[in-house]
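Undergrad: Let's see this in three dimensions:
(2 chains)
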Amino acid sequence: MLNSLGREIPEFIEGIGKLEPFQGALTKLRKGWMDEPTIPAPNKAYLPHQSKVCKTLEEAIIRCNPHNGMTVSFHHHLRNGDILLVQTLTILHNMGIRDITLASSSLNECHDPILPLLKDGTVTKIFSSGIRSELGRAIALGVLDTPVVIHSHGGRVRSIHTGKIQIDLAIIPASAADCEGNATGSTGKSAFGSIGYAVIDARYAKQVIVVTDNLVNYPCIPLSISQNFIDHVVVVDSIGDASKIATGTTRITKSPMDLRIAKLAADVIEHSGFFVPGFAFQVGAGGASLAVAKFIREKMKAKGLKGSFMLGGITSYCVDMLNDGLFETIFDVQSFDAVVSNSLLNNRHHIEIPAALYANPFNCGCITNKIDVVVLGALEIDVDFNVNVITGSEGYVRGASGGHSDTASGAKLTVVVCPSFRGRIPIIKKRVHTIVTPGETVHVLVTERGICVNPMFKELEENLRRAGLNLKDIRDLEIEVDTITGVPGPLDYTDKIVGIVEYRDGTIIDVIHQLKEKK
Amino acid sequence: MTTNFKKRRSMLYIPGNNPAMIQQGGIYGADSILLDLEDAVALNQKDAARTLVRNMMKVIDFYDTEVCVRVNHLSTPFGLADLEEIVPLQPSAIRYPKTESPEEVAELLKIIEKIEDRHGLPHNKMTLHAMIETAMGVQNVFNIASMFSRVDAITIGGQDLTADMNIIYTPDGAGIDFARKRIVMAAKASHIDVIDTVFPDVNDEEGLRRETEYAKKIGFTGKAVINPRQIDVIHEVFTPTEEEIRKAYRIVKEFRTNSAAGIGVFAIDGKMVDAPVVARAEYILRLANVTVG
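TA: Just a heads-up that it's a prediction; the model follows:
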């Protein structure tokens, strides 16, 4: 069957179940409720003064009744410094456990060592918002029989509520925790800031293990994760490589190209009609996206304009803007550097939020619904403004859906920033390889070679034209770029589906086909 | 001098052997770019750079950015070959390095015009930028600037000039200050553009701003750029302020009204306005892209 973007979606996939095709960004939300029933969270009981502390991770796992076919979840707040996902799966593998569903909120390069466990049947199914590196390559080439499910950050919460992801064991690394499992990411030698993605796992997993390298006296403050959901506590020497978890401050790029794009994007925002007192703002953590914040900061100061809140993945740059008095509040679901942890701990206007509050579409209003302006990146964008942030030009899985479609859906102005080509590969396509974010939620594309406004948004186009910005038809820009780079040949796929991309409402926006390996 | 007004607040240097940078030449908003076949290119890359620049000039859209090419000096084995390849493409201007005398310029123009004749090209389209980088060039700059209608800009090369003077370049520019002012005066005497040397520290934004403000104050019309990150600061300095634009607008508007009534000299707010003041006001409005309706 075809979804509303013309992508062929199978009705049923073995190991996944029945699929519902994407029918529009807000179609399902307009009902006012979610059709799928919500499963209850597990009931548990503990005796007074019963100890939760285990000597080793292996002991804690044994207490959790590991079994074939179990689902094990992780958060990705340790970014590329995480060591516990690999350790846990290795322990399960050594116990002879097979057919595991891995439900990590995202996967990074540091998780490449689990590739042999995908090949030998230890891990047979994956839910994640992002997959990269060797894992992404292997998945694109068909290492798993069952397709991986790519979800958004908000969509993951929905999937756990509905039981699409039923977590048997949640491993929650924390940079500080007490003997009852109260835990946080905002203090300790391995501090990583907000632990927002793990809150839903703690609430819904049948068994929850908090793992820390910093056992503190009871109670651990703040209670980012609270003891009433935690079954076991393990103290280890290290939860990860601190240098890769969070360091120093995030620096604004020095790349002239990224700065040029960012400056244009800031001009777009300034003249969009949404750069007004009290506006809510979200930017990414790297490259041109973060650099937009630099120019917006200058424009806000010049105009004496004060915003409402910043949201999302938070960098030290966002904290600087809060401290400058440019915004009232930061809502922090994920922190990107060490400075952010201090702010989260000490500034009551810097608020840690769970993923459900951040972006779950099925509740009484997630915060992404309140965004005025969001700046997002893209691996590819097509002439209908559909965005791919999951598969690369060579067909490998090499990115993350993350909060891309969540924030685009909520914002009044979604600005996608990217170069018009990378290396020799055009980024603007007639048709992206994989749709993650639908074009109807993308208002404007900013590249170094011009600004393209989605023709659905006439008033925005008029505002920008009146400001004298260099607007181009995206179809003309696509041709212009193809003239420079040439048109890449098509990729060679098989009929096998190796990944499905869920939209945040649970419908399927696209599928990823198996890439034929080059001889 | 040519009568066509060209904004040359910034002139971005791009090494002629770097295809990635060349194809991005038009995107940074520089008023002009300089595709460099001379100092930015190693000796063993000269032929490749020349071919690359030639081919990329044919296919890359540089949008509204003025495109100039710095060729090698005719005393090198590469200068003539550069001209043979580049002149037929008629960039906006050829920049000639280490210009020391009007005789040199005359010889250069003779060769350029021969090439243009062979290709049926006019002699009045492409202009010449004379780059002053030696003490002898500074000495002769008035004649270099004034004797040739195709020379529409003079530039100063600070690094080579300090080397020629056997002094060390200092951030205060003391060693080349006399040269700067003499070159500016020569350009002003011929009513042509004069472009300041590069500011080498790309991470020192304040230093760049200070030096650019100084260059503007003593009369330069623009400044060379070695990194696109420097463009915005230079444009900020050389772009007239809102107050300057308002004042210039008023001068030009009243000048036209008075001219129509046959009045040549008049006063605004008690200050005399005559032809030079009007000319300055018109220049400011052109820089600001403002037309008087």
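
Undergrad: Going along the chain, name the strands of the stretch 101-250 of chain B.
TA: Secondary structure of the stretch 101-250 of chain B (DSSP state E, counting those that start in this stretch): strands located at B:127-132, B:151-156, B:193-196, B:222-225.

Undergrad: whoops, the stretch 51-200 of chain A was the one
TA: With strands called from DSSP E, counting those that start in this stretch, the stretch 51-200 of chain A shows them at A:53-54, A:71-74, A:100-104, A:123-128, A:130-131, A:148-150, A:169-174, A:176-177, A:183-184.

Undergrad: Any chance you could list what contacts the third one?
TA: To tie it back to what came earlier, the one meant is strand A:100-104. Strand A:100-104 is contacted by residues A:69-76, A:85, A:89, A:92, A:111, A:114, A:122-128, A:165, A:167 when judged by Cβ atoms under 8 Å, 6 or more residues apart in numbering or on different chains. Every C-beta, even on glycine, is put in place using the N, C-alpha and C of the backbone.

Undergrad: Find the residue closest to the residue of chain A found nearest chain B in space, skipping its chain neighbours.
TA: When scored by Cβ to the nearest Cβ, chain A has A:Pro256 as its residue closest to chain B, at 3.6 Å. Distances taken as Cβ to Cβ, 6 or more residues apart in numbering or on different chains put B:Pro228 closest to A:Pro256, at 3.6 Å, once the chain neighbours are dropped.

Undergrad: do B:Met272 as well
TA: With Cβ to Cβ, 6+ apart, the residue lying closest to B:Met272 is B:Val265, at 6.4 Å.

Undergrad: Would you check how far apart that neighbour and chain A are?
TA: Noted for B:Val265: a distance of 36 Å to chain A, by Cβ to the nearest Cβ, to the nearest Å.

Undergrad: I figured that residue was touching B:Asp274, is that so?
TA: Yes - under the criterion of Cβ atoms under 8 Å, B:Val265 is in contact with B:Asp274, at a separation of 4.9 Å.

Undergrad: okay, now B:Tyr63: neighbour count?
TA: When neighbours are counted by other Cβ atoms under 10 Å in any protein chain shown, B:Tyr63 registers 12.

Undergrad: Same check on A:Gly286?
TA: The number of residues packed around A:Gly286, counting by other Cβ under 10 Å, is 16.

Undergrad: Pull up the per-residue confidence for it.
TA: According to the model's per-residue confidence, A:Gly286 sits at a pLDDT of 75.

Undergrad: State the distance from it to A:Leu376.
TA: With distances defined as Cβ to Cβ, to the nearest Å, the gap from A:Gly286 to A:Leu376 amounts to 12 Å.

Undergrad: From the contacts of strand A:100-104, keep the buried residues only.
TA: A:70-76, A:85, A:89, A:92, A:111, A:114, A:122-128, A:165, A:167 (16 or more other Cβ atoms under 10 Å in any protein chain shown).

Undergrad: Out of these, which are close to chain B?
TA: Checked against chain B using Cβ under 8 Å from any Cβ of the partner chain, those give no members in range.

Undergrad: what residues are up against the most centrally placed residue in chain A?
TA: Among the residues of chain A, the one closest to the centroid is A:Gly402, at 1.8 Å (Cα atoms, centre = their mean). Taking Cβ under 8 Å, 6+ apart, we find A:Gly402 in contact with A:Ser106, A:Ser129, A:Gly130, A:Ser152, A:His153, A:Val389.

Undergrad: swap in B:Ala48?
TA: With Cβ under 8 Å, 6+ apart as the criterion, the residues that contact B:Ala48 are B:Asn17.

Undergrad: so which strand or helix has it?
TA: Counting by DSSP states H and E, the secondary-structure element that holds B:Ala48 is helix B:46-59.

Undergrad: could you dump the lowest-mean-pLDDT helix or strand in chain A to CSV, C-alpha only?
TA: The weakest-scoring helix or strand in chain A, judged by mean pLDDT, DSSP states H and E, is helix A:242-245 (a mean of 88). Extracted C-alpha coordinates of helix A:242-245, given in CSV (Å, rounded to 0.1, in the frame of the first residue of the first chain):
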residue,chain,number,x,y,z
ALA,A,242,34.1,10.6,30.4
SER,A,243,36.0,12.3,27.6
LYS,A,244,33.4,11.1,25.1
ILE,A,245,30.4,11.6,27.4
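
Undergrad: what sits up against that helix?
TA: Helix A:242-245 is touched from outside by A:Leu78, A:Arg79, A:Asn80, A:Gly81, A:Asp82, A:Cys110, A:Lys189, A:Ser190, A:Ala191, A:Phe192, with contacts defined as Cβ under 8 Å, 6+ apart.

Undergrad: Disregarding flanking residues, what is the spatial nearest neighbour of A:Gly392?
TA: Spatial nearest neighbour of A:Gly392, excluding adjacent residues (Cβ to Cβ, 6+ apart): A:Arg398 at 4.3 Å.

Undergrad: what's around the one you found, how many residues?
TA: 20.

Undergrad: Then B:Gln45?
TA: Other residues within reach of B:Gln45 by the criterion other Cβ under 10 Å amount to 16.

Undergrad: and if you look at the one 10 residues further on?
TA: Neighbouring residues of B:Asn55 were enumerated by other Cβ under 10 Å; the total is 14.

Undergrad: What separation is there between the residue of chain B at minimum distance from chain A and B:Met131?
TA: With Cβ to the nearest Cβ as the measure, B:Pro228 is the residue of chain B nearest to chain A, at 3.6 Å. When Cβ to Cβ is applied, the distance between B:Pro228 and B:Met131 equals 21 Å.

Undergrad: same check, this time on A:Ser128
TA: Using Cβ to Cβ, A:Ser128 is found at 58 Å from B:Met131.

Undergrad: low pLDDT regions in the chain?
TA: As the question left the chain open, I've gone with chain A. In the prediction, chain A carries residues with pLDDT under 70 at positions A:519.

Undergrad: I was after chain B.
TA: Regions of chain B meeting the criterion pLDDT under 70 cover residues B:1-4.

Undergrad: So which residues on it come close to chain A?
TA: B:Gln23, B:Gln24, B:Ile27, B:Tyr28, B:Gly29, B:Val59, B:Ile60, B:Asp61, B:Asn227, B:Pro228, B:Arg229, B:Asp232.

Undergrad: change it to 6 Å
TA: Taking Cβ under 6 Å from any Cβ of the partner chain as the measure of proximity, chain B contacts chain A at B:Ile27, B:Tyr28, B:Pro228, B:Arg229.

Undergrad: What residues sit buried inside the least confident helix or strand of chain A?
TA: Taking 16+ other Cβ under 10 Å as the basis for neighbour counts, the residues of helix A:242-245 that come out buried are A:Ala242, A:Lys244, A:Ile245.

Undergrad: Give the closest residue to B:Leu121 in space, chain neighbours not counted.
TA: In this structure, B:Leu121 finds its nearest non-sequential neighbour in B:Gln90, 6.1 Å apart by Cβ to Cβ, 6+ apart.

Undergrad: Go ahead and confirm that neighbour touches B:Met126.
TA: Yes - counting by Cβ atoms under 6 Å, B:Gln90 sits close enough to B:Met126 to count as a contact (4.9 Å).

Undergrad: And the helices in the stretch 151-300 of chain A?
TA: Secondary structure of the stretch 151-300 of chain A (DSSP state H, counting those that start in this stretch): helices located at A:153-162, A:199-204, A:242-245, A:256-271, A:287-303.
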